[in-house]
Structure formats: structure tokens, C-alpha cells
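A.B. asks: return a 3D structure for these sequence lines:
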Amino acid sequence: IWTAMDSLSPLKERVLAKAKSVGASASASAHAAAEASSLARAAAVAKLQEIQHMADSASTSVDSSLARAAAAQSAGEEKKFDPDYVDPALLNAQTTKEITTKLAEMIAEHEATEAQWRESTADLEAKLAQQLKEHEDTLQIKDGELVQYAGKISDLEKQIEAGAEEQTRKAEEVLKEKEGEMAKSKEVIDALEAEIAALKEQLSDKTQQGAAHTETIAKLQTDISALETRVKAEEDKLTAAHEDFAKEKADLEAQVRDCAAERRKLHNTIQELRGNVRVFARVRPFLSGDGAADGEQPSVVPKADGVSLKLRLKGDEKKEYDFSFDEVFKPDISQEAVFAEVSEFVQSALDGYNVCLFSYGQTGSGKTHTMQGAGLGDERGIIPRAIERVGAYKAELEAQGWEYEMRVSFLEIYNETIRDLLRDEEIGEKKHEIKVNPDGSRLVTDLTIRPLEPTDAEAVKDVMDTAAKYRTTSATNMNDVSSRSHSVFTLHLTAVHKKSNQRLKGMLNLCDLAGSERLKRSGVSGDQAKEAMSINKSLSALATVFVSIGSKAGHVPYRNSKLTWLLQPSLSGDGKTLMLCNLSPTELSSQESLSSLRFASQVNQVELGQAKRSISDVGSKNGEGGGKTPPRRQGSGSSLASPPPSSRLTQSTNSSTKK
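C.D. replies: Numbering: from 1, shown residues only. Purely as a prediction, here's the structure:
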């Protein structure tokens, strides 16, 4: 506040100085105008005096001439010729004329000068009046500013006074508080001094007691030395026990490896006892796009036993059908619970078996949701969860000495044409063909195979996103995002155990089949109608293959579609197969659900025969070298499925018998 007042004082002085300067300027202008007016009047008076003088001179000259003429006449003298003689009358007239002319000129000049003077005087007076007006306005503004500054100064002075009073009050309060603290501190100091005195007395007593305890301390030191000797002996015993424990641990680890091998054997035996072709059924919940009324009952109802369900047909037929499968999932089941039932098939692939899982059902029944799911949370499907499970199980097996190499491929069969879903380019898709290797495995030419670390979540997400980007889908009356092709995700597994000199090869095929549909209900036409006919044709070929296998026909028509021809190794007895039948709960889908359940029931009766494990010695012909990372794309093709020949398990035994 004091700083603000100090800064206002120079401002006030500058305002007063400016007012004085304005007044002085106005006075100077008025003085100059008066001086100019005085000079103009003096000049005019001088001119008038000069004209009067000339008139007087002329009048005197005329009077003189007239006098001379009169004298001459009175003398009677005769006129004589005089060259200098001038007639007085003529001279008088001429002089009068000249004087009159001169006088008129001088009067005109005087009037003009007087007019100029008056004009100049008027201009000066106007300018002077304007300057005076401006100076008066400026003085009024400055007076207003001075009043404002005076008000501010008054407010600041009041604030200073109020602040000083507040500070004084606070200072008095602080002073009182500090005085109270000082009083308390004095009391504490007095108490501490008393305590120090008491402690000094206790110290004196303890010093006397310390002398008495010296002998006790010496005795305790002797006991400590004896205890240290005993501890050293116990440490030696503990070291020996550690060595024994290490040996026992090594023996237990060997037993764990043997138990793991036995567990895999028992697990696969259980799978074989259950049947090589297992069928699960899953009923999805009602969705907002189904148009179901509030309280509508589903047409497909799972039963409480978890292995059977009932299908209700309404309308004219009003029939009920009962079906039983290996597992039936209710609509409220989670993705995690579904995967828990199929995870043992993933384990079989790691154990060296060729495994295939089909997701079957009509369009809009939830096949893609079951296989691929959504995002990275609880809604993940079987494919990303299978990769995660492989990563976890792989870590356990690597701790037992196994070395795993994993690669993935992803393709779709669209209108009987194979497309690579992991390609880099959006255009320029190559033509892919299915070829058969001498050992019966299938080869898809120019198919992308990516090395994949199953614990790398970003790499797994990239695989799923790339495949979803290229997958062929379109909207129909039954599904806004209807898959228009069959997709096949394949996980290629190779494991080597150097100590036991063994090599395992496993294959996990996860198939998301396009949904069967009726053209009348789906409402498709044009290219979509061709897609629907191609889908139904390939699904019919798949059904024919299963029927032929179930009836043990001499010929199985695998070549009727690219799908069955590609997956023949998984369907012909060398592998393990599971079909997951997806069902819609809506009444409109009941006929399609009945067809799907009948087909699933037929598949559930099919026995493919005992699955064969792909295992060989590391150095045998069937091995493929020592664990090199394969190239991402193989120019001549990449194996989609590699089932071992039927004699693979008994190869070493038969060879020794022949010898």
C-alpha cells in the first residue's frame, strides 16, 4: 500500500505540471495575438499619417502657385515664354488628380491590409478559443483523475490502518500463545532437571551393580563359546542333509517326468474310451436382434443332467425331440467353462496327436463367438484360450526337459477357394492348392505360417485381428455379421527331448464352419445366394463323410469338398475329433436346430479308430532336424496337417523283431 502511495505522488506532480504548462501555452498564444493586432494597427496609422502628409504638401504647393499667378496679374506684366512655367490652374488640377488617385490607392491598400488584419485576428481568436477549450477539457480530465487518485489514496490509507490493527491484534495473540508455550516449556525443563537428578542416582546404583555382574558376564561368554561349537557341528550336519536332499530331489524330478508321461498316456486312454469323435452342444442366450417377446420360452432347453437337451417344435407339428451328447452347455455358461471341457484336446496336441475341433451350426447360432470370442477379457473364445493353455502347458513340459517350437496358420475356404488369412497384402491373393505328401499329410501351397510364442499376448492378438480383417462376412436377415466361409486355424507343434532322444509332432486344427441356412429365411440373393449354396454343399459333403465313416463304407468321398479333403488326416482315424454344435433358442430357428442336432447325433456315433501319436527318435527319418525356426512362408507349400503313418508307434519294435 505504501508503495502504491509513493507511486501516486509523482503522478500527481506530473498532472499539476501538465496543467501549468497548458495555462502557460494559452497565455503565450493570447499575448502573441495581442502583439500581432497592435503591430497591424500601428502600420495602418503610419500609412494614414503618410497620406495626410502628402495631401498637406500638395495643398501647400498649389497655394504657392496661385499666389504667384495673382501677383503677376496684378503687376500687369506681360506673359513671357518660360519653359519652366506651369499654369497654376493646370498644375492644381493635375496635382489634385494625382493626389486623389494616390489617396484612393492608399485607401484601398489600407482597407485590404485592415481586412487581412481582421481575418488574421479572427483566425488567431478561433485558434486561441479552441486551445483554451482543449486546455479546459484536459484540466477537467486531470481534475477527475486527481479526484480518483485521491479516493484510492484514501482507500489505501484506510486499508493500511485496518491492516495495521489486524496485524497488531494477531501479534498480540501470538505473543500470548508464545508466553503460554514458554511457561509450559519451563515446566517441562523443571521436570527434566528433576528426572536427570533421579537418573544420576540410578546410574550410580547401576555402576555398583555392573561390577557385581562382571563375573556373570564372563561365565556367559564361556557358555557362548560352547554353544558356537555345537552350532558348527549342527551346520555340518545340515550341509550333509542338503546334499542328501539334492539327490532326493533329482530322484523325485525323474519320478515326476515318469509320472507326467504316465499321465499323458492315461489321459489319452480316457479320451479313446470316450470315443474319438466327441460331440458337445451349446445353446446361446436370446439376443436383442432375435425379436423375442418378453417371457418367451426357448425352443431348445438343456436338461439338468448336463448331457441331454429337449427341442420343442411349435406350430402345426408341436413335437418334442430328445438328444444326448457328451456334454450340453446351458445359455448362461461362460467362455471359460466351455474351454475347460475342450482343453484336454489341446493337451493331446501337445502330447503328439493330431486334433481337430469343429464349430458347427446354423448361421447366427454363435459359432464364431465360441471359436474366436471378443477382446482380451472373459469373452475370449477357444482359439485364443487354446494358445494361452499351450503356453502354460509348454512351460511345464520345458521344465521337464522338452523343447517346443510352435507355428500357426489361418485360412478360409470361400466358394471352394482357399484364401490365406495371415497374408500381408490386402490384394493380390495367391492361388492355393491342396497337395498330398507321401506320408499322407496335406500340403497347402504358398500358405503363410508364422512362428508364435504363445505367451506373447500382443502376437496372439495380431494373429486374431489379421484373420478377422480378411475373413469374408456379410449381413443377412438372420445375422448382421454372417461368416460366408469356413475358417481353419492350425497350431503346429514340434517338441524335442534330448535326454530321451525323442521328438513329438502335434497338430491342433480349430475349424469355424460357415452356418447352414435356408435361402428363403436368410433373404440372400445374387452372390450371397451362391455363397449360401456353396456353404450348404460343403456341409453336406462333411455329413456324407461322417455317414460313410460311421457305416464303415469301402469308399469315403473326401474329395467332394475342399474342407473334407483338407482335413482328411483328422477324420480318417489318425487323429482325435470333437464337434461343438451351436444352437439358437428362437422358435424361428427350430427347424434348422433340428437338422443340426440330427447331424450332430449321427457324428456322435462315428468311431474313427484308435488315434496314433506322432513320436519318433530325434535322429530318425521322421525327425526334421534339431529345432531350427522354420521360415515364415515356404515357397513350395506348408504342411497344414501332418498325421503320422499308422506304423509310427510300433516302428522301433517291428524293426528289432525283423532283425
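A.B. asks: ranges for the strands of the stretch 301-450 of the chain?
C.D. replies: Assigned by DSSP state E, counting those that start in this stretch, the strands in the stretch 301-450 of the chain fall at 308-312, 320-324, 327-329, 354-361, 402-414, 417-420, 434-436, 442-444, 450-451.
A.B. asks: of all those, which lies closest to Thr96?
C.D. replies: Thr96 sits nearest to strand 417-420 of all these, at 135.2 Å, using CB to CB. Backbone N, C-alpha and C define where each C-beta goes, glycine included.
A.B. asks: who are the packing partners of that closest one?
C.D. replies: strand 402-414, helix 562-566 (3 or more CB pairs under 8 Å, 6 or more residues apart in numbering; DSSP states H and E).
A.B. asks: try 10 Å
C.D. replies: Contact analysis of strand 417-420 by 3 or more CB pairs under 10 Å, 6 or more residues apart in numbering; DSSP states H and E lists strand 402-414, helix 457-470, strand 486-497, helix 562-566 as its packing neighbours.
A.B. asks: buried set for it?
C.D. replies: Across strand 417-420, burial judged by 16 or more other CB atoms under 10 Å covers Ile418, Arg419, Asp420.
A.B. asks: which pLDDT value goes with the last one?
C.D. replies: Note for Asp420: predicted pLDDT of 90.
A.B. asks: is it bridged to anything, and to what?
C.D. replies: Leu411 (DSSP bridges).
A.B. asks: go on, Val301?
C.D. replies: Lys310.
A.B. asks: what's the closest of the buried residues of strand 417-420 to Ala197?
C.D. replies: Asp420 (95.4 Å).
A.B. asks: for that closest one, what are its contacts?
C.D. replies: Asp420 is in contact with 409-412, 429-430, 432, 444, 446-449, 467, 470, 633, counting by CB atoms under 10 Å, 6 or more residues apart in numbering.
A.B. asks: lowest-confidence entry in the residues you listed?
C.D. replies: Among these, Arg633 carries the lowest pLDDT, at 31.
A.B. asks: tell me the most buried of the strands of the stretch 301-450 of the chain?
C.D. replies: Among these, strand 354-361 has the highest mean neighbour count (mean count of other CB atoms under 10 Å), at a mean of 27.
A.B. asks: where does the stretch 351-500 of the chain dip in pLDDT?
C.D. replies: Within the stretch 351-500 of the chain, the ranges that satisfy pLDDT under 70 run 426-429, 474-483.
A.B. asks: same thing with the stretch 151-300 of the chain?
C.D. replies: For the stretch 151-300 of the chain, residues meeting the criterion pLDDT under 70 lie at 260-261, 264-265, 267-276.
A.B. asks: can you redo the helices and strands packed on strand 417-420 as a markdown table with distance to Arg118?
C.D. replies: Shown next, in a markdown table, are the helices and strands packed on strand 417-420 (distance: least, CB to CB, whole Å):
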| stretch | distance to Arg118 |
| --- | --- |
| strand 402-414 | 110 |
| helix 457-470 | 100 |
| strand 486-497 | 112 |
| helix 562-566 | 120 |
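A.B. asks: of all the strands of the stretch 301-450 of the chain, which one comes closest to Ala191?
C.D. replies: Per CB to CB, nearest to Ala191 of the strands of the stretch 301-450 of the chain: strand 402-414, 75.9 Å.
A.B. asks: could you point out which of the helices and strands packed on strand 417-420 sits nearest Ile382?
C.D. replies: Checking these against Ile382 by CB to CB gives strand 486-497 as the closest, at 9.3 Å.
A.B. asks: listing partners with orientation, what would you give for the helix or strand that comes right after the closest one?
C.D. replies: Sequence-wise, the next helix or strand downstream of strand 486-497 (DSSP states H and E) is strand 502-512. Strand 502-512 pairs in its sheet with strand 354-361 (parallel), strand 486-497 (antiparallel), strand 615-617 (antiparallel), by DSSP bridges.
A.B. asks: report the distance from the first one to the chain centre.
C.D. replies: Relative to its parent chain, strand 354-361 has a centroid offset of 37 Å by CA atoms, centre = their mean, to the nearest Å.
A.B. asks: tell me the angle the helix or strand harbouring Ala150 makes with strand 486-497.
C.D. replies: Using DSSP H and E, the element containing Ala150 is helix 88-274. Between helix 88-274 and strand 486-497, the angle comes out at 70 degrees (axes from the mean of the first three to the mean of the last three CA atoms, to 10 degrees).
A.B. asks: if we can go back for a sec, would TSV of the strands of the stretch 301-450 of the chain with distance to His110 be doable?
C.D. replies: Putting the strands of the stretch 301-450 of the chain into TSV (distance: least, CB to CB, whole Å) gives the following:
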stretch	distance to His110
strand 308-312	135
strand 320-324	140
strand 327-329	130
strand 354-361	127
strand 402-414	120
strand 417-420	119
strand 434-436	131
strand 442-444	127
strand 450-451	119
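A.B. asks: quick one: closest of the ones you listed to Ile141.
C.D. replies: strand 450-451 (84.5 Å).
A.B. asks: and the closest one, what does it pack against?
C.D. replies: By 3+ CB pairs under 10 Å, 6+ apart, strand 450-451 packs against strand 402-414, helix 457-470.
A.B. asks: let's see 7 Å
C.D. replies: strand 402-414 (3 or more CB pairs under 7 Å, 6 or more residues apart in numbering; DSSP states H and E).
A.B. asks: re earlier: ok, so of the contacts of Asp420, who is nearest Leu311?
C.D. replies: Among the contacts of Asp420, Glu412 lies closest to Leu311 (CB to CB), at 30.6 Å.
A.B. asks: which ones are touching that closest one?
C.D. replies: By CB atoms under 7 Å, 6 or more residues apart in numbering, the contact set of Glu412 is Arg419, Leu421, Arg471, Thr472, Ser485, His486, Ser487.
A.B. asks: quick check: closest non-adjacent residue to it.
C.D. replies: Ser485 (4.1 Å; CB to CB, 6 or more residues apart in numbering).
A.B. asks: can you pull the contacts of that neighbour?
C.D. replies: Going by CB under 7 Å, 6+ apart, Ser485 touches Glu412, Ile413, Tyr414, Arg471, Thr472, Ala514.
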